[in-house]
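S.K.: I would like to see how this sequence folds:
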Amino acid sequence: MSGHEHIDSVQRQGLRGLISGWFAGRKESPFRRHRLRAGERVYAVGDIHGCSRQLDALLARIAADPAEGISRRFLVFLGDYVDRGPDSKGVIERLLSPPAGFEATAVRGNHDQTLLDFLVDPAVYGVWREFGGRDTLVSYGVVPPLFDQIEDFERARNDLAAVLPAAHRQFLEGLAGSLRIGGYYFTHAGVRPGVALEEQSPEDLMWIRDDFLNSRQDFGAVVVHGHSPTPQPVVRSNRIGVDTGAYATGCLTAAVLDGDKCRFMSVH
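M.R.: Numbering: from 1, shown residues only. Next up is the predicted model:
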């Protein structure tokens, strides 16, 4: 199936087959109490992980999406721009110049934070190499550490610091922890159940998994997130998961939110 055909297929499905448990078979939207204002639309893009080709294709589809009656278009990137895929550098370069006509915000993922941590403390490479740090170094033309020695980690850190464009570092350092638009709350990993949205810790916003994913709590807004990859987008009464594992599956997905409606665009 081509990328265009896949998009059309997912859009035809809508929420059917994606809504969990007790919402199956009900006619009303599960997000009726959590909605956007009239004339607003949000495109929330899942984890990109160095997949610049898919990012280009998805941004082109988003830019071409008919917007009659829409006065404000928001573009939200849900974090994890680097690691694992082949072109972390290219992804950040593209995110520095989002399509015209959109209000764009990028939130911070755990992989993005780990890159910054490595620049401060090269010993972080001992962890970073386990989930894609090598791929990011290569994308910037840096030879990854060849030996499990702090001296080699320091050499790679110094090399990266020397070639990392100032605009890329500023982009990473300026990433938002979260963003709220209407009845939707956008962040990378999710939120801690039982904690008010305005009191969430940066660590939970970047790293939380099971406690959030398994919760049926009403968080006060529908949480739109990435971080936990699934074969297709996930819709629950309290969250929308948009990470379809682009670096492994080749599939990059965006949730498209209008009012209390949700549809998806995916490209391969």
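S.K.: Now residue 94: phi and psi?
M.R.: Comment: the main-chain dihedrals of residue 94 come out as phi -70, psi -40, following degrees, to the nearest 10.
S.K.: what's the pLDDT at it?
M.R.: The confidence metric pLDDT takes the value 98 at residue 94.
S.K.: Likewise for residue 16?
M.R.: At residue 16 the predicted local confidence, pLDDT, stands at 39.
S.K.: Would you map the helices across the stretch 1-150 of the chain?
M.R.: Applying DSSP state H, counting those that start in this stretch to the stretch 1-150 of the chain gives helices spanning 3-13, 52-64, 88-95, 110-120, 125-128, 133-139, 150-163.
S.K.: Which one of those lies nearest to residue 195?
M.R.: Taking CB to CB, helix 110-120 is the member of the helices of the stretch 1-150 of the chain nearest to residue 195, at 18.2 Å. Quick note: C-beta positions are derived from backbone N, CA and C, even for glycine.
S.K.: relative to helix 150-163, how tilted is the closest one?
M.R.: Helix 110-120 runs at 100 degrees relative to helix 150-163, counting by axes from the mean of the first three to the mean of the last three CA atoms, to 10 degrees.
S.K.: which stretches of this protein form strands?
M.R.: Residue ranges of the strands in the chain, as given by DSSP state E, are 40-45, 72-77, 103-106, 178-181, 184-187, 222-225, 234-235, 239-241, 252-258, 261-267.
S.K.: In the first one, which residues are buried?
M.R.: Going back to what we said before, that points to strand 40-45. 40-45 (16 or more other CB atoms under 10 Å).
S.K.: what is the orientation angle of it with strand 72-77?
M.R.: On the basis of the same axes, to 10 degrees, strand 40-45 is oriented at 20 degrees to strand 72-77.
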